[in-house]
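Asks: sharing a model prediction with you, sequence too.
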Amino acid sequence: MDQETLGKLRAHLDGELARLEAEIAEIDAEDRETLSEASGENNYRDHMADQGSATFERELDMTLEGNLRELLGDVRAALVRMENGTYGTCARCSAEIPAERLEAVPTASLCIRCKEEEETR
């Protein structure tokens, strides 16, 4: 892979890193705010529908946060591979990952063949 493409991918990953960290920080701040509000009086404590809605929203937020944290881990791992000089090499078979795949999925650690094999298991 040429240095220009690698530089573009690095810039993209750095941008994703900053975006994901900011989103997670915002969610963490909202969680702290929600927890402090929860310690107060609940005006809807007798309304099961409101409690169900609140529980659903908390579970949805936790799922979204989990997804963001997983993406953040993938971005960090890709940046580490760049630093180690292993970026663009399949972690399973050591084949070169085509630049087109990395442009589509900059966090890819597997070539298309290995990824397809992983998904069919």
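Replies: Received it, and whenever you're ready, just let me know what you need. What you see is a predicted model, and the numbers here were worked out from it, not measured in a lab. Numbers count the residues shown, from 1 in each chain.
Asks: sticking with the residue lying closest to I24 once chain neighbours are set aside, tell me its helix or strand.
Replies: Distance criterion C-beta to C-beta, 6 or more residues apart in numbering; nearest residue to I24, sequence neighbours excluded, is L68 at 5.5 Å. Backbone N, C-alpha and C define where each C-beta goes, glycine included. Assigned by DSSP states H and E, L68 belongs to helix 48-84.
Asks: ok, then the element right after that helix?
Replies: Defined by DSSP H and E, the subsequent element after helix 48-84 is helix 99-104.
Asks: quick one: that following helix to chain centroid distance?
Replies: In terms of C-alpha atoms, centre = their mean, to the nearest Å, the centre of helix 99-104 is found 18 Å from the chain centre.
Asks: with just CA atoms, put it into CSV.
Replies: Written as CSV, here are the backbone C-alpha positions of helix 99-104 (Å, rounded to 0.1, in the frame of the first residue of the first chain):
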residue,chain,number,x,y,z
ALA,A,99,-6.4,-1.1,-0.4
GLU,A,100,-10.0,-1.1,-1.7
ARG,A,101,-11.2,-3.2,1.3
LEU,A,102,-9.3,-0.9,3.8
GLU,A,103,-10.8,2.2,2.2
ALA,A,104,-14.3,0.6,2.7
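Asks: touching it from outside, list them.
Replies: Helix 99-104 has contacts (C-beta atoms under 8 Å, 6 or more residues apart in numbering) with 1, 5, 9, 87-88, 108, 111-112.
Asks: mind listing what's buried in it?
Replies: 101-102 (16 or more other C-beta atoms under 10 Å).
Asks: same check, this time on stretch 87-99
Replies: Under 16+ other C-beta under 10 Å, the buried positions of stretch 87-99 are 87-90, 97.
Asks: ok, L110 - how many residues close by?
Replies: By the criterion of other C-beta atoms under 10 Å, L110 has 19 neighbours.
Asks: thought it was touching C90?
Replies: Yes. Counting by C-beta atoms under 8 Å, L110 touches C90, with 5.4 Å between them.
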